[in-house]
Each structure stands twice: as structure tokens, then as C-alpha cells.
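**Q** Make a model of this:
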Amino acid sequence: MNDLDALRTPEGRALLDEVRGTDPARELTVATRLRREHPAELVSAALGQARLRQRAAVKFGAEDAERMFFTPNGVEQSTRTSVATYRADRLKALGVTSVADLCCGIGGDAIALARAGIRVLAVDRDPLTAATARANAEALGLTDLIEVLEADVTEVDTAGWDAVFVDPGRRGGRGRIFDPEGYSPPLSWAVQAARGAPHAALKIAPGIPHEAVPAEAEAEWISDGGDVKEAVLWFGTEPGAVRATLLPGPRALLSAGLPDPAVRPVGRYLYEPDGAVIRSHLVAEVARQLDGGLVDETIAYVTADELRPTPYATAYEITDQLPFSVKKLKALLREREVGVLTVKKRGSAVEPEELRRKVKPRGRNAATVFLTRVAGAPTMLVGAPATASATGGAPS
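**A** Numbering: from 1, shown residues only. Below you'll find the model as predicted:
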């Protein structure tokens, strides 16, 4: 807290400007120079904040990150701006004008909500975290819309707010917490809070079992740039709905309640569904779009005979199907002059780096090998990303 207060003084802000973008390799040299004119503690705090801002730029963008304040946990656990903005836009589309943001952290979601024109009560029980959220609202000129409250979220009255957003803590002393009842506060408490509001969104880990989703909730899995970021339980929208949302876009795939796709022989193309599609159990919906089937009943790879454009999976053209054998793969790669080898796996215990070391790819060409199972048998599928030239159509 003292560091935060000191960094917000004129001297602290001037130091932050001076150390902006400092190369970590030069920190000692910079610190030695600055300590001749400034308190050592303040110099250390400024350099530490500069490091955090550099890390935060990936989530918040460089322009905002250079104006905001961060804690190590805040950078690690805060929502990526693209995801927070998508969620805020969805709440706004529901007619929400005010949100109680419970477990607000350093204020990433509150900022996105305020920028959507939504009034926010941002609550966190940790004094430094709450103070950081308050500082960020001020730094970005959003204090008219964001009120920060240092309190236990379980003791906050959310009556009168259009919606509740809860982002419970999912880390403990031993790392990630996978049991939703181990969250802080527990998922059961968050669900009760959601039931008492006209609308609600509960941010949860994407690995949550589907059977843990309340019947009256909509479950949404969100990926950004192909990486699964989170799952959200929505209340006051479509009870029982299941959705995979891909950013940027957004592109949304809704469950049609389809049975698992049939297993079929490997065709000319292999499709790797987006992680949000896999987590939301919507591979069947993608397979129907592609007129495809699974390579194995337990593996989320879709195979088809035609190349069809879809935002929900990446297509590869398969040239070879081999039983798993390092020797055979090495010979094939040598024959094809493959020097750049991408290794993907699903349903295989082999580590990609270990396989690369063994086959020692050399040559001017590139290839992708999938280590997987086909109809239960360990198999290697070799190919390359599909292109429009394969069929004359648009790329997937």
C-alpha cells in the first residue's frame, strides 16, 4: 500500500515516466543512477511497477497498461481486455445499466463495464487490491462510473443493481483450485448471489464439469485467439443453453443437443476444433457443419473428405497415415525433406519435443504430425495446414 501511495505522488509519477520500458538487463544500472537523487525504496517500487506494466500490456494493451497500477497477482489473474469488453457488451445488450462487480481485483472488468457506459460497484476485501482498483479507475478517468468498496463480498447488499458479476479467487497456497467449492467465495455462494439478481455472470475455470452447471444457467466457454480463457455461467439469459464463443469476432456456436459424431476412416482433411468448442462439448455441432466424423470415439479430431470454411476449427490436409513408429516417421520426413516439424497430440503420451529430438528433422520443407488414436490404435497423421488452393474455396 505504501508503494502504491508513493508511486502516485508527483515524484513517483515522474520516476514511473523515467523508467518506462526499462530493459530488465539494465535495471541495476538504472537503479544505481536514480538512487543518487531519489529514495531507494521508491526507485525499487518504480522499477517493479514498470516490469508489471510491461507484462500487463499483453492483456490490457500498452496504452492503458502504462497508465494503470498493478500487483503481481493482479496481472496474473485479471481478465484480458478483449474478453472483459465482450462480456460488458453482452451485459449492455441485456439492458443492464448497473453491475455489482464482486471480487473485482485490480479493476479490469470494472473498467470494461464502465467504458460500456455501465455504473459499477467494484468490491474486493484485500486493501491493496481495492486501492489499486481505485487508482486505476482514477488513472483512466472512470471515477464517475466506478465506486470501489473494500469489503467482504459475502456481506455486500447487491439489491438495486441490475446485475451481479462474480470472479471468485481460484488460486490458493498450493496453486490453482479445481474444486468449485474451494473457490473464494465458493461457487455455491456465487450461484445464490446470482439467483437474487435480474442478471448475473459468474466467471469460472474452463475445466468445470458440465454436471456442476446449475440447470437455470447458461454455460459459455470463451477463447481468444485460439486460447481458452474462461467459462461463464449466465443467469437471466437462456437456461440450459451451452455456447462456445470465439474472439475476436465474436463468433458464437450454440448447442443443438446432438449425439456424439460417428467414428469414420480418416479422410483427406483433419479438423482441430477450437478449445472453447472442445470444452463446451460442441464437437458434434462442428462435425455436422463439416459433414465429418471422429477419428476415434474418445478423440476430439474431426475428419472429412472436403475442405469447408469454419471459424470453429483449423483444417489440415492429411497426406499420410502411419501406425506409431519413430523409425517410420523419421524415414518419411527424410524422404520429404522436412526440416520444420510441428507436432500436435491428442490421446498420446509422447511429448512433442522428445519426438522432435528423435526424428531430427532436416530439410527445406515443413509438415505437421498428429500423434493420436485412430479407431483405438496409436497412429501418426502427417500433413500441413489446408489452404484455399486445395479446393479453390476460402481457407478455414
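**Q** Low-confidence regions, the stretch 51-200 of the chain specifically.
**A** 172-173 (pLDDT under 70).
**Q** quick one, helices of this protein?
**A** 2-7, 10-19, 27-34, 40-60, 62-65, 72-77, 81-93, 108-115, 127-139, 187-195, 275-279, 283-290, 326-336, 352-359 (DSSP state H).
**Q** most neighbours per residue, which of these?
**A** helix 108-115 (a mean of 26; mean count of other C-beta atoms under 10 Å). (C-beta placed from N, C-alpha, C; glycine too.)
**Q** angle of it against helix 81-93?
**A** Interaxial angle, helix 108-115 versus helix 81-93 (axes from the mean of the first three to the mean of the last three C-alpha atoms, to 10 degrees): 50 degrees.
**Q** and helix 108-115, how far out from the chain's middle?
**A** 17 Å (C-alpha atoms, centre = their mean, to the nearest Å).
**Q** what does stretch 15-32 give?
**A** 30 Å.
**Q** and that stretch, average pLDDT?
**A** For stretch 15-32, the mean pLDDT works out to 91.
**Q** what about that stretch, how long is it end to end?
**A** 13 Å (C-alpha to C-alpha, to the nearest Å).
**Q** Could you do stretch 69-79 as well?
**A** 15 Å.
**Q** follow-up on the earlier one: of the helices of the chain, which is nearest residue 248?
**A** helix 81-93 (6.7 Å; C-beta to C-beta).
**Q** list the helices and strands the closest one packs on?
**A** helix 108-115, strand 163-166, strand 199-204, strand 218-224, strand 227-235, strand 242-247 (3 or more C-beta pairs under 8 Å, 6 or more residues apart in numbering; DSSP states H and E).
**Q** out of these, which comes closest to residue 137?
**A** helix 108-115 (7.0 Å).
**Q** what sits up against the closest one?
**A** Applying C-beta atoms under 8 Å, 6 or more residues apart in numbering, the contact partners of helix 108-115 are 59-60, 64, 78-79, 81, 84-85, 87-88, 91, 99, 101, 104, 120, 122, 133, 136-137, 140, 142, 145-146, 148, 165, 167.
**Q** let's see it at 7 Å
**A** 78-79, 81, 84-85, 88, 99, 101, 104, 120, 122, 133, 136-137, 140, 142, 145-146, 165, 167 (C-beta atoms under 7 Å, 6 or more residues apart in numbering).
**Q** just stretch 258-270 next, same as before
**A** 283-285, 287-288, 293-297, 301, 303-305, 307, 315-318, 321, 370, 374-375, 381, 383, 386.
**Q** hmm, back to that, redo the helices and strands packed on helix 81-93 as a markdown table? Include distance to residue 342.
**A** Shown next, in a markdown table, are those (distance: least, C-beta to C-beta, whole Å):
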| stretch | distance to residue 342 |
| --- | --- |
| helix 108-115 | 33 |
| strand 163-166 | 39 |
| strand 199-204 | 32 |
| strand 218-224 | 20 |
| strand 227-235 | 17 |
| strand 242-247 | 21 |
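**Q** that older thread, would you mind giving the helices of the chain as CSV with distance to residue 269 added?
**A** As requested, the helices of the chain are exported to CSV (distance: least, C-beta to C-beta, whole Å):
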stretch, distance to residue 269
helix 2-7, 54
helix 10-19, 51
helix 27-34, 50
helix 40-60, 33
helix 62-65, 39
helix 72-77, 38
helix 81-93, 29
helix 108-115, 38
helix 127-139, 46
helix 187-195, 39
helix 275-279, 16
helix 283-290, 8
helix 326-336, 19
helix 352-359, 22
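**Q** Quick check: which of these is nearest to residue 244?
**A** With C-beta to C-beta as the criterion, residue 244 lies closest to helix 275-279 of the helices of the chain, at 4.2 Å.
**Q** From the chain's centroid, how far away is the closest one?
**A** 12 Å.
**Q** Name the residues that touch it?
**A** If you take C-beta under 7 Å, 6+ apart as the criterion, helix 275-279 is touched by 206, 221-223, 226-228, 244-246, 253, 283, 286, 300, 312.
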